[in-house]
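Asker: next comes the sequence, and after it the predicted model I'd like to discuss.
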Amino acid sequence: MTIEKRIREELGVYAGDQAVQRIEDGRLVIEFVPAAHRRSLYGVLRDRVTRRPTDESWQAVRDAARQTPDPDRPA
């Protein structure tokens with residue numbers, strides 16, 4: 001079955017995604033499960049890190065995150 005490009009783009013369906021099919025009230029329902037990504041995300045935010053806590057405990061990391069202003073939200 002081929003799904004039109006416009007519809008795939010609107011639904012966010014990409015090559016490698018899995019189609020899960022089922023019958024519901026006499027209709028075919030298809031849901032898409034995104035494929036696992038194959039790229040590493042390691043270091044993707046490296047240039048965005050502006051400061052690092054000196055104490056690497058989870059509590060220190062959480063506290064540092066709470067104290068860092070979010071540029072996408074008003075104060």
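Answerer: In hand now; what should we look at?

Asker: grab the nearest non-local neighbour of Arg8.
Answerer: Nearest residue to Arg8, sequence neighbours excluded (C-beta to C-beta, 6 or more residues apart in numbering): Tyr14, at 7.6 Å. (C-beta placed from N, C-alpha, C; glycine too.)

Asker: for Ala35, same thing?
Answerer: Once flanking residues are discounted, Ala35 sits nearest to Gly16: 3.6 Å by C-beta to C-beta, 6+ apart.

Asker: could you tell me whether the one you found really is in a strand?
Answerer: No - looking at Gly16 with DSSP: H, G, I helix; E, B strand; the rest coil, it is coil, so not inside a strand.

Asker: isn't it up against Phe32?
Answerer: No - with contact defined as C-beta atoms under 8 Å, Gly16 does not reach Phe32; the gap is 10.4 Å.

Asker: between these two, which is the more surrounded one?
Answerer: Taking neighbours as other C-beta atoms under 10 Å, Gly16 and Phe32 compare with Phe32 leading, 15 against 10.

Asker: skipping its backbone neighbours, what lies nearest Ile7 in space?
Answerer: In this structure, Ile7 finds its nearest non-sequential neighbour in Val13, 8.0 Å apart by C-beta to C-beta, 6+ apart.

Asker: for that neighbour, which residues are in contact?
Answerer: Ile3, Ile7, Phe32 (C-beta atoms under 8 Å, 6 or more residues apart in numbering).

Asker: and the last one, that's in a helix?
Answerer: Spelled out, it's Phe32. No - using three-state DSSP, the assignment for Phe32 is strand, not a helix.
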